[in-house]
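1. coordinates for the following, if possible.
(chains A and B)
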There are 2 protein chains.
Amino acid sequence: MTLSCHTQLAQAQQGIITPQMQAVADSEFREAEFIRQGVAAGTIVIPANIRHCNLVPMGIGRQLKTKINANIGTSSLSSCPHQELQKLQAAVKYGADTVMDLSTGANLEHTRGAIIAAATVPIGTVPIYELACRANDDQDIDFSTEAILAVIRSQAEQGVDYMTIHAGIRPVQLPAACQRKLRIVSRGGALIARYMAKTGRDNPFYDCFDRILEICAQYDVTLSLGDGMRPGCLADASDEAQFAELAQLGQLGRRCRQAGVQVMIEGPGHIPLQQIQMNMLREQELCDDAPFYILGPVVMDCAPGYDHITSAIGATLGAWHGAAMLCYVTPKEHLGLPNAADVRDGVMAYKIAAHAADIAKGIPHAQDRDDAISQARAEFDWDKQFELALDPDKARELRAESLQERNLPASAPGEKFCTMCGPKLCSMRVSREI
Amino acid sequence: MTLSCHTQLAQAQQGIITPQMQAVADSEFREAEFIRQGVAAGTIVIPANIRHCNLVPMGIGRQLKTKINANIGTSSLSSCPHQELQKLQAAVKYGADTVMDLSTGANLEHTRGAIIAAATVPIGTVPIYELACRANDDQDIDFSTEAILAVIRSQAEQGVDYMTIHAGIRPVQLPAACQRKLRIVSRGGALIARYMAKTGRDNPFYDCFDRILEICAQYDVTLSLGDGMRPGCLADASDEAQFAELAQLGQLGRRCRQAGVQVMIEGPGHIPLQQIQMNMLREQELCDDAPFYILGPVVMDCAPGYDHITSAIGATLGAWHGAAMLCYVTPKEHLGLPNAADVRDGVMAYKIAAHAADIAKGIPHAQDRDDAISQARAEFDWDKQFELALDPDKARELRAESLQERNLPASAPGEKFCTMCGPKLCSMRVSREI
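-> The predicted model follows:
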């Protein structure tokens, strides 16, 4: 690490408690020194690009509250920046802790700039998407070191807080990937794999990894080492390709920390229930307990339209057993690009997964909200129940719908029953008379 | 057991493989003798009232596919039999294995008769609801043995396949229940507890339990021993009241089997993630591995509007660790009575929970459907993907919505990309070129 490195990691290692570490400590009910030690050890990251001025700092690590990320972004089929800002708003309103801009449509830079300017949460990106979009055809992507560094530098200058870089996928892993049912389902992974297969060269992000680290150290961009080999179906889960790449990511993670660059590791994917704990433990072993940032995992392949649920189940187990951040999946997964309603559904499913895991892990004060809403329930205090709900609008909406279907007044404050049982057989009322 | 007892249990114990056992064996990919042994031991039940003529037999047990139940039924605020038949249809269409009619509105018997006549799945009820509805006021419920047996007999004659009887809640458990945040949230449990507290008498269902068994043996009604003490919030989970009742249910279960009556045990409730496995194991110990029929469990209290998801997470863990049947929870839980759309959402969340657990448990052929849909995905065979989806309508609907939002033709067969990535960056297409 150069002496001029001022990343959160470098400062933590010098024993400095930064304002960002203090803010994280406050929001996590922890001592600042606990946070500093975690950042110094690399088990906590605080993605905070020095150019992202209106950022509210947050920390990601197995010992902290489980965080969730929502993906937004245009595609070649739909690229309206206004729509993306709406999705950003929906994601943050419902509780996303970070947002990734995965745009691949027109006007990438403009869209990203607008998102960063509007966001108080860390913004992540996948620079290979911009590389791909600059090409006329995905067969002609410029994978030169210059092109790669130019994209990463311009995004870092814009204020991107963390970037997914697929530097861990290597030629030696390809034969195993080709035996899979679904080969490679990561877009970045697939493009790099094809490039390596066609040219006989190594991964171009791996080749210039030290120079990527220099840029990241300068702006304090946190690296999120992408899992190009994440399994796309149960049949491919926990296979040789996946774990060979994970070991490689562990090595790259050590290089990041040596360069003063904060780093997370990305994880699967489609994994059956009974393999999730093993996957979490393996990351902790191979990657020195660097924050594990997982997608789902989706625990079955056959429920398109409901993958916010199939994956929230996997995400709950993942977080319980050690994942630090959960990348949401929306109901549109496998089918299409999410709209604002899908974003809400995805974020809520993941708030639930994170909260369930935090209770199970004994995260400080995790159960306070549950105890308070149960008290309000015991007191028939509907307003307080709504207030304490993870999604107050939804709770109000469903209760209003139910009252309307029963021809009851839309607002009947103080009624001592819910519309499930009706006033006659309300267990809550009856059991107070014991 | 009397010699004239012809329940599935009695016949299994005599070494007879009934047509119902054979049907269950066929649908479970098991030997008929395996099913017979399970029924004889009481670890499998086949709810099949001899009067329910158009029933398609199904089995419930820890070693079989995980089953799910959907609750429907009128309340005093809404009692339209036509609506209930719609809910029945929705429940079965989306995959409910049994349906409980929890009606407490007007014309109970008529509604129930229509439901049984229309149903090929087992129908369950909670007879105390009918008792309560016959009273003018819930303070004046007739808990005499005559009244109880009259309701149970008339429901048995109508063809009800299984009944929830809260015979395990006893006076000695009440002090512990009164220390809870939410006391008793089971409607049956609350009514019985108040009756016991007011009169100083024991549980009236416990008092006439042998006579209830006689009726059940005659019609082969399976008993589902209700958990009046199920916890209604995390703060009350796994407490003394809950486990004292569970031990009592275990004793009652032995009396059922001695009388030739098939029996399941009902379980919680609101339970945090980290206590679910312990709860499943305790039931197996205390209740001789009788099929455990659980509600949720809901793993947090603070997400009203999303309790189909909070509870599907708990249900997945419950089933993985031994629950045999999952009682669904809809998004309206804690807020109102579900409508047909809520029934669909609830059933689908539970189909997902059951399926995820079956894969984890290694139930024969559980993963076949996933492997087939993944193959279809690899081949861009959209029609086959929809066909194999747990809810084909939903998958088609979301894809159509997405295509429409992108101004693409509503039906574009053969397109080699999903609308998530668009044609330019489709990982599936790219990775086939490696």
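2. now do the helices in the stretch 1-150 of chain A.
-> Taking DSSP state H, counting those that start in this stretch as the test, the helices found in the stretch 1-150 of chain A are A:8-13, A:19-28, A:32-41, A:81-93, A:108-118, A:127-134, A:145-158.
3. Throw those helices into TSV and include mean pLDDT, thanks.
-> Shown next, in TSV, are the helices of the stretch 1-150 of chain A (pLDDT from 0 to 100):
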stretch	mean pLDDT
helix A:8-13	98
helix A:19-28	98
helix A:32-41	98
helix A:81-93	91
helix A:108-118	94
helix A:127-134	94
helix A:145-158	98
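4. which of those sits closest to B:A244?
-> With respect to B:A244, and counting by C-beta to C-beta, the nearest of the helices of the stretch 1-150 of chain A is helix A:19-28 at 38.5 Å. Any C-beta I mention is one placed from the backbone N, CA and C, and that applies to glycine too.
5. what's the angle between that closest one and helix A:32-41?
-> Orientation check (axes from the mean of the first three to the mean of the last three C-alpha atoms, to 10 degrees): helix A:19-28 against helix A:32-41 gives 120 degrees.
6. could you list every helix and strand that helix A:19-28 packs against?
-> Other helices and strands packing on helix A:19-28, by 3 or more C-beta pairs under 8 Å, 6 or more residues apart in numbering or on different chains; DSSP states H and E, are helix A:8-13, helix A:32-41.
7. give the buried residues for it.
-> Neighbour counts using 16 or more other C-beta atoms under 10 Å in any protein chain shown place A:20-21, A:23-25, A:28 of helix A:19-28 among the buried residues.
8. what do you get for stretch A:159-167?
-> Neighbour-count burial for stretch A:159-167 [16+ other C-beta under 10 Å]: A:159-167.
9. that one: end-to-end distance?
-> 22 Å (C-alpha to C-alpha, to the nearest Å).
10. next one: stretch A:283-300
-> From its first residue to its last, stretch A:283-300 covers 21 Å (C-alpha to C-alpha).
11. that stretch close to chain B?
-> Yes - in terms of C-beta under 8 Å from any C-beta of the partner chain, part of stretch A:283-300 sits within range of chain B, namely A:299-300.
12. what about that stretch, average pLDDT?
-> The pLDDT scores in stretch A:283-300 average 98.
13. in that stretch, which residues are buried?
-> Applying 16+ other C-beta under 10 Å to stretch A:283-300 flags A:283-284, A:286-300 as buried.
14. ditto for stretch A:164-178
-> A:164-170, A:173-174, A:176-177.
15. check these against chain B, which are close?
-> Checking the buried residues of stretch A:164-178 against chain B by C-beta under 8 Å from any C-beta, the ones in range are A:174, A:177.
16. which one of the buried residues of stretch A:164-178 is nearest to A:D207?
-> Nearest to A:D207 among the buried residues of stretch A:164-178 is A:A167, at 8.9 Å by C-beta to C-beta.
17. wait, what's in contact with the residue lying closest to that closest one once chain neighbours are set aside?
-> Residue nearest to A:A167 in three dimensions, not counting chain neighbours: A:F205, with 4.2 Å by C-beta to C-beta, 6 or more residues apart in numbering or on different chains. Neighbour list for A:F205: A:128, A:148, A:165-167, A:192, A:212 [criterion: C-beta atoms under 8 Å, 6 or more residues apart in numbering or on different chains].
18. what's the answer for A:A349, then?
-> Contacts of A:A349 (C-beta under 8 Å, 6+ apart): A:308-309, A:311-312, A:328-329, B:306, B:309.
19. try it again with 6 Å
-> Applying C-beta atoms under 6 Å, 6 or more residues apart in numbering or on different chains, we find A:A349 in contact with A:308, A:312, B:309.
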